[in-house]
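In: A predicted structure for the sequence below; I have some questions about it.
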Amino acid sequence: MNLLMTCLILLLSLQASSCTPCKFPAIINFGDSNSDTGGLFATFDRPSSSPYGETFFHMLAGRYSDGRLIIDFIAESFGLAYLSAYLDSLGTNFSHGANFATAGSTIMQQSAPLNKGGYSPFSLDVQLLQFSHFKSRFQMISKKGKVFKSLMPKKDYFKRALYTIDIGQNDLTELFFSNQSADDYIPLTMKVFREVVKEVYKHGGRHFWIHNTGPLGCLAYALIRRPSSSPELDSVGCAVIFNKLAQKLNNMLNETVTQLRKNLPSATFIYVDVYSAKYKLFSNAEKHGFEIPLRTCCGYGGGDYNFDLNVMCGDKRIVKACSYPDKSIIWDGAHYTETANKWVFNEIATGKYSHPSLPLSQAC
């Protein structure tokens, strides 16, 4: 075999190996309601009634949607079962990972209780403590026998797992409505975020898939809570002031991830611009089969947003879901429908919204 042929074979071999899909045996997730698969439901019985979960699960499934979330589609893409919430004590199976996200969670700890401020007590640093506790106890539980062992991840999974993080939307809400300075508040959130990720790394985390926060100004709960005049709305109808705030946080998050990448070179960090994917959907809703992009499917009040802060989705006395959730982007005024979640997942999984530009299947 001549030298040219040898080099060609070697080159093709390297290209083939670089395109080999990642085989993550587990997913560890941190976040808020955008990726909560039952944490808040197990703890505070929220969401507590249909039509949540009706489209796919046909029952309450602990998700703030009519069906699956982006994290569910991520699990599906790797052939894994849906993640069990760490806080759920019934029917849980952690052999393929665990979900520490809870609806209402923030990066920064909040002083307002859930029943007043709407924030979960399980902020990102608390989720880290839960993860640490989970990791320290799993081996002890596994030793109890075959059944217990089958419900726990293998030891090497903690280093081989995909670590997903999707949090920040509630921090923006708190920042805006508490009239705090973004220049002071956002750097503090990033400091907490950075330290949490470093601790996860110490526990073995090596593959990180990090979502930025979506366009808050396109969600009915923000548009209704702080009404905007026409000049304050963009061409889609989203509130510019909220979206600029989201972009400010996202820019600093990107900088934080870049710094983590430099400081922890043996780990893979993928920053995913979910904001742009979601805004693209709002901007081209009709093209992609959606109707009235800013209108809530499971809401009350009619009008442009069909949303009332005092009459929420799940209030069986009045509120019902729209006839065709698959034609709606917004589910309950603050969260997305399954169809919208699926659309966003398909977009971000390609890698065109990632930095570096790697698809989800190559995030290792």
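Out: Received it, and whenever you're ready, just let me know what you need.
In: any idea which helix is longest in this structure?
Out: In the chain, taking DSSP state H as the definition, the longest helix is helix 240-263.
In: next SSE after that one?
Out: For helix 240-263, the following helix or strand on the C-terminal side (DSSP states H and E) is strand 268-272.
In: Give me the distance from that following strand to the chain's centre.
Out: For strand 268-272, the distance from its own C-alpha centre to the chain's C-alpha centre is 14 Å (Cα atoms, centre = their mean, to the nearest Å).
In: buried set for it?
Out: Under the neighbour-count criterion of 16 or more other Cβ atoms under 10 Å, strand 268-272 has 268, 269, 270, 271, 272 buried. C-beta coordinates here come from the backbone N, C-alpha and C atoms, glycine included.
In: Could I get the contacting residues of the fourth one?
Out: What that stands for is residue 271. Contacts were defined as Cβ atoms under 8 Å, 6 or more residues apart in numbering; by that measure residue 271 touches 210, 212, 253, 254, 257, 258, 354, 355.
In: Out of the residues you listed, which is nearest to residue 240?
Out: residue 212 (17.8 Å; Cβ to Cβ).
In: What score does residue 1 have for pLDDT?
Out: With respect to pLDDT, residue 1 has a value of 50.
In: again but with residue 7, I slipped
Out: According to the prediction, residue 7 has pLDDT 44.
In: who touches stretch 235-251?
Out: Under the criterion Cβ under 8 Å, 6+ apart, residues 168, 171-172, 175-176, 182, 186, 189, 212-218, 222-223, 226, 228, 232-234, 273, 275, 279, 282-283, 293-294, 304 lie in contact with stretch 235-251.
In: Would you list the buried entries among the residues you listed?
Out: The neighbour count (16+ other Cβ under 10 Å) marks 168, 171-172, 175-176, 186, 189, 212-218, 222-223, 228, 233-234, 273, 275, 279, 282-283, 293-294 as buried among the contacts of stretch 235-251.
In: Now residue 257. Nearest residue, chain neighbours left out?
Out: residue 271 (4.5 Å; Cβ to Cβ, 6 or more residues apart in numbering).
In: nope, residue 268 is what I meant
Out: In this structure, residue 268 finds its nearest non-sequential neighbour in residue 207, 5.1 Å apart by Cβ to Cβ, 6+ apart.
In: Run through the bridge partners of the one you found.
Out: Beta bridges link residue 207 to residue 162, residue 268 when assigned by DSSP bridges.
In: With residue 344 as the reference, measure out to it.
Out: Using Cβ to Cβ, to the nearest Å, we find residue 207 at a distance of 21 Å from residue 344.
In: Those two: which has the busier surroundings?
Out: Taking neighbours as other Cβ atoms under 10 Å, residue 207 and residue 344 compare with residue 344 leading, 23 against 20.
In: secondary structure class for the more buried one?
Out: Per DSSP: H, G, I helix; E, B strand; the rest coil, the local secondary structure of residue 344 is helix.
In: Quick check: chain neighbours aside, which residue is closest to it?
Out: residue 277 (5.1 Å).
In: Fine by me, thanks again.
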